[in-house]
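**Q** Curious how this folds, go ahead:
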Amino acid sequence: HMGALEREAPTFGNDWHVVDLCCGRSVTAAVISTRHPGTAITVVDKLEQRFLPHWFAVEDSGVSYVQLDLQCSSFLPELEKLVKRVARPVALLGMHLCGTLSLRAIEAFAHLEAAQVIALSPCCLPNKDEASSPQHLYITKDDAEQYRLWALYLEEALRALPTATPVSSAVVPDVLSPKNIIICATRDGAKLPAEKK
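**A** Here you go, the predicted model:
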């Protein structure tokens with residue numbers, strides 16, 4: 001995600017706010033806080049705070065944890081309040097988001113005016129039996145092809161947003177998983193911080 005994010009937003013640095021959705025143990029936040037000290041980083045997951053004690057033991061890391069469920073109806077309003085409090089351009093990250101969580105990340109990108117860039121790496125497909133699942137993903141039984149079609153579907157969902165341009169997608173061999181496509185989009189007319197000297 002870091003390489004993709006830095007390519008999409010060349011001015012990315014310590015005057016940004018990174019929101020890492022479904023952060024798990026927040027390895028991505030650790031990398032960002034090391035590479036870009038001073039960056040405001042919010043790690044979001046539905047895990048209870050007790051499962052991420054490492055961030056509460058480290059002072060001045062720039063990382064804060066917020067317990068939110070992306071599938072809950074209060075997710076977007078709560079995230080919007082948080083983003084407004086920090087008041088910096090936002091980079092949304094979604095590393096290996098399962099099923100419809102990738103679609104929720106795209107909704108967040110569309111909803112948050114401060115979100116200037118999104119880097120998304122989908123994981124497993126949505127449940128085939130969900131009414132909202134794109135059924136064309138299941139025409140083939142080949143896992144790799146299903147994943148490729150899912151990533152393409154998400155890329156097209158970003159392209160359909162009136163505010164997202166350009167949109168790019170790439171297989172990243174450094175991601176040691178067969179789920180290694182990263183999709184990025186930048187908000188059209190993004191108000192990015194000034195280029196660093």
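**Q** list the contacts for P77?
**A** Applying C-beta atoms under 8 Å, 6 or more residues apart in numbering to P77 gives no contacts. For every residue, glycine as well, the C-beta is placed using N, CA and C.
**Q** Ramachandran coordinates for it?
**A** With angles defined as degrees, to the nearest 10, P77 sits at phi -60, psi -40.
**Q** for the one 3 residues further on, same thing?
**A** When quoted as degrees, to the nearest 10, the phi and psi of E80 stand at phi -60, psi -40.
**Q** quick one: it from P122, how far?
**A** Noted for E80: a distance of 23 Å to P122, by C-beta to C-beta, to the nearest Å.
**Q** just K81 next, same as before
**A** K81 is 27 Å from P122, by C-beta to C-beta.
**Q** For this structure, which residues score under the pLDDT cut-off?
**A** Low-confidence segments of the chain (pLDDT under 70): 1-2, 5, 10, 25, 49-61, 164, 189-197.
**Q** mind checking the SS state of D174?
**A** The three-state label given to D174 by DSSP: H, G, I helix; E, B strand; the rest coil is coil.
**Q** and it, how many neighbours does it have?
**A** 6 (other C-beta atoms under 10 Å).
**Q** List phi and psi for it.
**A** The phi/psi pair for D174 (degrees, to the nearest 10) reads phi -70, psi -20.
**Q** Next up, the contacts around it.
**A** D174 touches G3, counting by C-beta under 8 Å, 6+ apart.
**Q** which residue sits closest to C184, ignoring its sequence neighbours?
**A** Excluding the flanking residues, the one nearest C184 by C-beta to C-beta, 6 or more residues apart in numbering is E8, at 4.6 Å.
**Q** and what of F109?
**A** Using C-beta to C-beta, 6+ apart, the closest residue to F109 is I118 (4.3 Å).
**Q** What of F75?
**A** L68 (5.5 Å).
**Q** Around that neighbour, how many other residues sit close by?
**A** With other C-beta under 10 Å as criterion, L68 counts 19.
**Q** neighbour count winner among K81 and P122?
**A** For K81 versus P122, neighbours defined as other C-beta under 10 Å are more numerous around P122 (26 against 9).
**Q** now the strands for the chain?
**A** 17-21, 40-45, 63-67, 90-97, 115-122, 164-171, 181-187 (DSSP state E).
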